[in-house]
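J.: next come a sequence and a model predicted from it.
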Amino acid sequence: MTDVYISKNQLAGKKVELSDISIRDGLQSLETVIDTDTKVKYLEGLILAGFKRMEATNYGHPKFVPFFFDATEVLKRLLNSETKGPDGRTIGQMMKRNGGDVELTAVCIHESGAERVFKDVDAGLGPDRILQMTSTCPEHQKANSGKTHDQYFAMTEQVIKAAHSRGLLVNGTVSTIWGSPFEKFNKQYSMKEKLDIAISFVKRYLDCGADDIELADHDGSVTDYHKSYEFFSRVLDPKEMGKGPDGRDYSDPKLYIAHFHTKNMASALRNAAAALKAGIIRFESCMSGIGGQPANTVDGVVIQGREGDYYSDHFNHGLISTEDMVTMFHEIGVDTGINQEMLIALAKSFKSDVVDMFAANQKKLGREFMNCRSFMLTKGALPESVTKLYTE
């Protein structure tokens, strides 16, 4: 394969499922704590724009991820929100836990976070879905979780059982698929070997009972979108993936979510286009293209236990932009279920209220910051290097 060209006629009308994770993945990259009112405001705005899947918070210990001190409160406010949508339903009524169709996800990489989730769920609160994460790179795995691969899978299998007993879904994230911030891993394996390892991790997670899998490039290692197409084509190949012990077809596209971080937003969009071409139908993104590795400092103070963490340039590895990806899909003719006009207006407000405000405060203090990386907000159009994949 020398190119990935997308015919509009081929994909017109195809439906995709989008999850916005700005309030979790996005905000954790900013070196400041955003207040609860602002979080709820933008979660509600995204829901009103049409998003049915929201990654709303993180149940990690506030000592290490202080950005989510209000995990329980955020979810509680959504579950009880009286804000009305166009159809007359309130946000609260739209929540899955209240009989609606909006699914809330919370991250809980460690068992202690899962226990906090279970406590909330047992009290009638909490999310509908939790996320755990493993990395194909041993060093990245150890840095993120403090566990080896075998230790982590043993733990997550027990968490999955406990979650399922409460009616919770569990996502298993597989990270460092195309490469790691730890060069030892990158030098040790060829790209083919890295993808082979990732496929084995996907199967292992599904064998443990995970309900779906996030397939993540957490630092922008996949710069060649052909490698994105290659991997996702393999994940959706019935011959390669086979069936699980529970009878599930491991090549079912409903099992997988594409998650792209990158230094170059155009590269992320090309990767998403390639994943779409391969058959992926679920994607994650952040408004303004922010997000990534949790910040190691808060308002200039180093977070205890996070000194010397492995990302020194986390401001350059944001997630693919929500407003850009929705625009690209709409230009191809793909049905996202999202009101693009409402999304762009909301994204402009988010840029002003959160991203630009953070940048201004950081400038005053002489510190680095993350800029808005969205083409639609900064240029008003997608770059030719993206559009040529489907307009030639």
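T.: Here it is on my side, so go on.
J.: show me where the stretch 201-350 of the chain has its strands.
T.: For the stretch 201-350 of the chain, the strands defined by DSSP state E, counting those that start in this stretch occupy 212-217, 256-260, 282-285, 297-298, 301-302.
J.: which of the ones you listed sits closest to Lys41?
T.: Nearest to Lys41, of all these, is strand 282-285, at 18.6 Å by CB to CB. All C-beta atoms are positioned from the backbone trio N, CA, C, and that covers glycine.
J.: who's in contact with Asn9?
T.: By CB atoms under 8 Å, 6 or more residues apart in numbering, no residues touch Asn9.
J.: same deal with Val298?
T.: So Val298 contacts 31-33, 66-67 (CB under 8 Å, 6+ apart).
J.: Asn186 now?
T.: Going by CB under 8 Å, 6+ apart, Asn186 touches 179-180, 221.
J.: swap in Leu169?
T.: So Leu169 contacts 103, 128-130, 163, 211-212 (CB under 8 Å, 6+ apart).
J.: mind doing that once more with 6 Å?
T.: Applying CB atoms under 6 Å, 6 or more residues apart in numbering to Leu169 gives the contacts 129, 211.
J.: pLDDT wise, what is it at?
T.: What the model reports as pLDDT for Leu169 is 98.
J.: and it, what are its bridge partners?
T.: Arg129 (DSSP bridges).
J.: how close does it get to Thr105?
T.: From Leu169 across to Thr105, the span is 8 Å (CB to CB, to the nearest Å).
J.: same question, Lys227
T.: Going from Lys227 to Thr105 by CB to CB gives 27 Å.
J.: now do Ile34
T.: According to CB to CB, Ile34 and Thr105 sit 18 Å apart.
J.: when those two are compared, which one has more neighbours?
T.: A count of neighbours by other CB atoms under 10 Å puts Thr105 above the other of Ile34 and Thr105, at 23 against 20.
J.: what angle sits between the strand or helix carrying the more buried one and strand 212-217?
T.: Here Thr105, judged by DSSP states H and E, is contained in strand 103-107. Strand 103-107 runs at 60 degrees relative to strand 212-217, counting by axes from the mean of the first three to the mean of the last three CA atoms, to 10 degrees.
J.: correct me if wrong: Ala12 contacts Val334.
T.: No. Using CB atoms under 6 Å, Ala12 is not in contact with Val334, being 7.6 Å away.
J.: who has more neighbours out of those two?
T.: Set side by side, Ala12 and Val334 show more neighbours around Val334, with 19 against 11, by other CB under 10 Å.
J.: how much space separates Gly220 from His259?
T.: Taking CB to CB as the measure, Gly220 falls 12 Å from His259.
J.: checking the residue lying closest to Thr378 once chain neighbours are set aside next. Helix, strand or coil?
T.: In this structure, Thr378 finds its nearest non-sequential neighbour in Cys372, 6.1 Å apart by CB to CB, 6 or more residues apart in numbering. Following DSSP: H, G, I helix; E, B strand; the rest coil, the label given to Cys372 is coil.
J.: now do the contacts for Cys372.
T.: Counting by CB under 6 Å, 6+ apart, Cys372 makes contact with 288, 351, 355.
J.: can you redo those as JSON lines with neighbour count, pLDDT and distance to Leu46?
T.: Formatted as JSON lines, those follow (neighbours: other CB atoms under 10 Å; pLDDT from 0 to 100; distance: CB to CB, whole Å):
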{"residue": "Ser288", "neighbour count": "28", "pLDDT": "97", "distance to Leu46": "13"}
{"residue": "Lys351", "neighbour count": "21", "pLDDT": "98", "distance to Leu46": "14"}
{"residue": "Val355", "neighbour count": "25", "pLDDT": "96", "distance to Leu46": "15"}
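J.: in JSON lines: the strands of the stretch 201-350 of the chain, plus distance to Asp237.
T.: JSON lines is the format used below for the strands of the stretch 201-350 of the chain (distance: least, CB to CB, whole Å):
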{"stretch": "strand 212-217", "distance to Asp237": "14"}
{"stretch": "strand 256-260", "distance to Asp237": "12"}
{"stretch": "strand 282-285", "distance to Asp237": "17"}
{"stretch": "strand 297-298", "distance to Asp237": "43"}
{"stretch": "strand 301-302", "distance to Asp237": "45"}
